[in-house]
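> Just to be clear, the model below is a prediction. Sequence and coordinates:
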Amino acid sequence: MNFRDRLTYAFTALRGARLRSGLMLLAMAIGVAAVVVLSALGEGARRYVVGEFSSLGTHLLIVLPGRNETTGGAPPLVSETPRDLSLDDAEALKRSRHVRLVAPINVGAATVSYGGLERDGVIMGATHELYEVRHFKMGQGRFLPPGDVHHPQPVVVLGARLRRELFGSQPALGERIRIGDRRFHVIGVLQEQGQSLGMNTDDLAIIPVTAAQSLFNVTSLFRIIVEASSREAIEPGRRHIIATLKARHDGEEDVTVITQDSILSTFDRILGALTMTVAGIAAISLVVAGVLIMNVMLVAVAQRTAEIGLLKALGAAPQIIQRLFITEAALLSLLGAAIGLAIGQASTAVLRHLYPNLPFGAPLWAIVAAILVALGTGLAFGVLPARRAARLDPVQALARR
Amino acid sequence: MIQLQGIERVFDVGGQQVHALRDVNLRIGRGDYISIMGPSGSGKSTLLNIIGLLDRPSAGHYLFEQRDITALSDNEQAQVRRERIGFVFQFFHLIPRLTAAENIELPLLLSGVPAAQRRDKVLRTLSAYGLAARAHHRPEQLSGGQRQRVAIGRATIIEPGLLLADEPTGNLDRASGHEVVEILEQLNARGITLVVVTHDPELGQRARRRLRMVDGTIVEDTGYGA
């Protein structure tokens, strides 16, 4: 009996018992759909977080003033106030081959006003480099120009919402706005970006870092963002930054350097493990579906005793009977898996439609694993009934009407 | 064609040994027409099952076309059934979900005959038994006589040397029973060895050679070639 005939025969046998086959398909489909949807959810969360991090820039190192590491021992007699980060510190960090860009940042709040409109805004002091480091996109105009940091131009780049609230439908470029007690020229508007890891760039007003320092009357920096020249340069870059700043701060190691990659990979690992777990739990339902398949196949063998006896009388060897029933089980699990996959992908598409921000999508490994587990359980649990069928005594099988 | 020597068949029923066949010796020649009669439980069906390789004797030797069948494996026996033996049953044993044509096709399917050849043979068989118009009917849509003709078509499509019929008319009215018997006899006339197990004396008397069984032994044999 060749493979195609066996497949056709198995198919007609399944069609002959519609309700039974339908229920088994349903069980299998639910299992596979569960794996697909749950892993899509997990993977969506993972991709979302990873995407958010990468939108902040790539190979980033963030330098914060102060150490957030505690050491034991007696409290220091002389209080250790961490030194602030200064513009000169930022300047010094540029002198390394591991470092591609250095973007010093200052943040504060001030009143932004234009015409009669006033609004409290978050003011960020930055330099030209931030544009590249943070992967900003301009909606209109241009970003802060490069040039001498210590002689800033009175220019400002607005976040999309801030611009809308101040100017409405009027053109903003070239207008003068007031921030605190100073006037700034609007030279650009950022593209609308939305929430990005707790920082909403749509509400920002970005001015040159030195302008911000004098506006807020400080000399310190909020933080320095450093872009390493490559992925491999992140670690040496980190050591270089710490060494440089330590030397500049009288031998005191009073800065913290966070690498974006370490945060990212931690999230990646946690969410990856979560996805695996959830998919694994869903896979249990596949095994349950497998048990159901076994159950139903056993019933099928019992109900089709006469048919099996007949096939034997017609000269079907035990292996052929066994293969026929295994083919049925395999066909059921494959069809069930296909239906489940379709349901899973459809629900994933619906989820994507409902939550466009989250990149839901079942990873390939989960889909492949779900289909393999479905087929595997179908086959594994199909073997027992198939063997029982193959072992039936034809005389007794035929004796029953 | 068939040679049975000292065939015994013992069943174990609830710890008790039941002798279904005792020391059966029988020679069947090519083209014979044999009826086996006897009361219920006399072992005639068991004998038919052993001749048809559905059952194995507990003792004795069975030569089928000069091959010692008792020494063959299950798979080899299945192959002999597939190629040389056709069965006709009292209850037809058609597969309900398959059409008449598909039921007839089944043995060819099991032998792995290519689809194109199958279709030809099935069409020829259908028309030979007057079933051409019923090809796509399922068993439940056929009369008893038609069902048994489908079953005979299925049994003969492989052109077997031996046709075994267990009460082939037992479930049919007189007219269709007669029709079925005539078909079987025509097949025998064309050279197929025919063995019929029956209760029906009228059917039994038609055979050229008649066996009578009681308690697992052949008590009467009208004789080889008689």
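Sure thing, it's come through.

> Chain neighbours aside, what residue packs nearest to the residue in the stretch 201-350 of chain A that chain B sits nearest to?
Using CB to the nearest CB, the single residue of the stretch 201-350 of chain A nearest to chain B is A:Gly315, 2.5 Å away. For every residue, glycine as well, the C-beta is placed using N, CA and C. Distance criterion CB to CB, 6 or more residues apart in numbering or on different chains; nearest residue to A:Gly315, sequence neighbours excluded, is B:Arg82 at 2.5 Å.

> wait, what's in contact with that neighbour?
Neighbouring residues of B:Arg82 by CB atoms under 8 Å, 6 or more residues apart in numbering or on different chains: A:Leu314, A:Gly315, A:Ala316, B:Pro107, B:Leu110, B:Ser111, B:Ile158.

> so how many other residues sit close to residue 154?
No chain was given, so I picked chain A. Applying other CB atoms under 10 Å in any protein chain shown, we find 13 residues neighbouring A:Pro154.

> Wait, chain B was what I had in mind.
Quick note: B:Arg154 (other CB under 10 Å) scores 28 neighbours.

> So it versus B:Pro96, what's the distance?
Distance from B:Arg154 to B:Pro96, counting by CB to CB, to the nearest Å: 14 Å.

> Next: A:Ile123.
Distance from A:Ile123 to B:Pro96, by CB to CB: 83 Å.

> neighbour-wise, which of these two wins?
A:Ile123 (24 against 12).

> what helices or strands is the helix or strand where the more buried one lies leaning on?
Assigned by DSSP states H and E, A:Ile123 belongs to strand A:117-126. Packing contacts for strand A:117-126, counted by 3 or more CB pairs under 8 Å, 6 or more residues apart in numbering or on different chains; DSSP states H and E, involve strand A:99-114, helix A:160-167, strand A:204-208, helix A:209-216.

> What about the contacts of B:Arg82, which are in helices?
Judged by DSSP state H, the subset of these located in helices is B:Pro107, B:Leu110, B:Ser111.

> give the contact list for the first one.
Under the criterion of CB under 8 Å, 6+ apart, the contact list for B:Pro107 reads A:Leu314, A:Gly315, B:Arg82, B:Arg154, B:Ala155, B:Ile157, B:Ile158.

> I'd like to know which of these are part of strands.
With strands taken from DSSP state E, there is no overlap with the contacts of B:Pro107.

> Not counting residues beside it along the chain, what's closest to B:Pro139?
B:Leu94 (4.2 Å).

> B:Ala155 now?
Distances taken as CB to CB, 6+ apart place B:Gly86 nearest to B:Ala155, at 3.1 Å, with adjacent residues excluded.

> Low-confidence ranges, chain B, go.
B:224-226 (pLDDT under 70).

> need the residues of it near chain A, please.
Contact residues, chain B versus chain A (CB under 8 Å from any CB of the partner chain): B:49, B:52, B:54-55, B:74-75, B:78-83, B:85, B:87, B:89, B:91, B:93, B:95-98, B:102, B:106-107, B:109-112, B:115, B:154.

> Just the buried ones out of those, please.
B:49, B:52, B:54-55, B:78-82, B:85, B:87, B:89, B:91, B:93, B:95, B:97-98, B:102, B:106-107, B:109-111, B:154 (16 or more other CB atoms under 10 Å in any protein chain shown).

> Which of the residues you listed fall within helices?
Within those, residues falling in helices by DSSP H are B:49, B:78-82, B:102, B:106-107, B:109-111, B:154.

> Which of those residues sits closest to chain A?
For these, the nearest to chain A is B:Arg82 (2.5 Å; CB to the nearest CB).

> I'd like to know how far the closest one sits from A:Gly168.
On the measure of CB to CB, B:Arg82 and A:Gly168 end up 88 Å apart.

> repeat for B:Arg210
The gap separating B:Arg210 from A:Gly168 is 112 Å, by CB to CB.

> if you look at whichever helix or strand A:Ala366 is part of, does any of it touch chain B?
Per DSSP H and E, A:Ala366 falls inside helix A:364-391. No - with CB under 8 Å from any CB as the measure, helix A:364-391 is seen stopping short of chain B, the closest distance being 9.5 Å.

> for that helix, packing partners?
helix A:18-55, helix A:260-303, helix A:318-354.

> Any chance of CSV for those, columns mean pLDDT and mean neighbour count?
Formatted as CSV, the helices and strands packed on helix A:364-391 follow (pLDDT from 0 to 100; neighbours: other CB atoms under 10 Å in any protein chain shown):
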stretch, mean pLDDT, mean neighbour count
helix A:18-55, 85, 21
helix A:260-303, 83, 18
helix A:318-354, 90, 20
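
> Excluding covalently adjacent residues, which one is nearest to A:Arg100?
A:Ser229 (4.3 Å).
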